[in-house]
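Student: Sequence first, predicted model second:
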Amino acid sequence: MDILAFKFVINQEILSTWKLINLEYFSDMNNEKKLKKLKAGLILLSRDREVVYSFHETFDLVDELIEIVDELLEKD
């Protein structure tokens, strides 16, 4: 397996883990936890990120972050 294929597999594992955590944990989070998750997601998309995502992965992550923002706005 070459390095690009390996990086792709690792990126897929990170994304799968992120989605699993989101499905199991998202609905029971309080505002502080939601804000921390939002910050962590934004860091993953920032210039300081350690992993480069595909467009599809990036859009999935952005959609999840928008859901967090929507839930926080609904509470206010």
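Tutor: Yes, it's here.
Student: all contacts plus neighbour counts: C-alpha atoms, from now on.
Tutor: OK.
Student: List the buried residues for the host helix or strand of residue 62?
Tutor: Using DSSP states H and E, residue 62 sits within helix 55-75. Residues 61, 62, 64, 65, 68 are the ones in helix 55-75 that count as buried (16 or more other C-alpha atoms under 10 Å).
Student: Pull the most distant pair out of those residues.
Tutor: For these, the farthest-apart pair by C-alpha to C-alpha is 61 and 68; their separation is 10.9 Å.
Student: residues touching residue 43, list them.
Tutor: Counting by C-alpha atoms under 8 Å, 6 or more residues apart in numbering, residue 43 touches residue 49.
Student: The helix or strand harbouring it to helix 55-75, inter-axis angle?
Tutor: Per DSSP H and E, residue 43 falls inside helix 31-45. With axes from the mean of the first three to the mean of the last three C-alpha atoms, to 10 degrees as the basis, helix 31-45 and helix 55-75 are set at 160 degrees to each other.
Student: Grab the nearest non-local neighbour of residue 34.
Tutor: Distances taken as C-alpha to C-alpha, 6 or more residues apart in numbering put residue 68 closest to residue 34, at 6.4 Å, once the chain neighbours are dropped.
Student: remind me which residues of this protein are low pLDDT?
Tutor: 1-29, 76 (pLDDT under 70).
Student: on that earlier part again, want to try JSON lines for the buried residues of helix 55-75, with distance to residue 52 as columns?
Tutor: As requested, those are exported to JSON lines (distance: C-alpha to C-alpha, whole Å):
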{"residue": "61", "distance to residue 52": "12"}
{"residue": "62", "distance to residue 52": "14"}
{"residue": "64", "distance to residue 52": "17"}
{"residue": "65", "distance to residue 52": "17"}
{"residue": "68", "distance to residue 52": "22"}
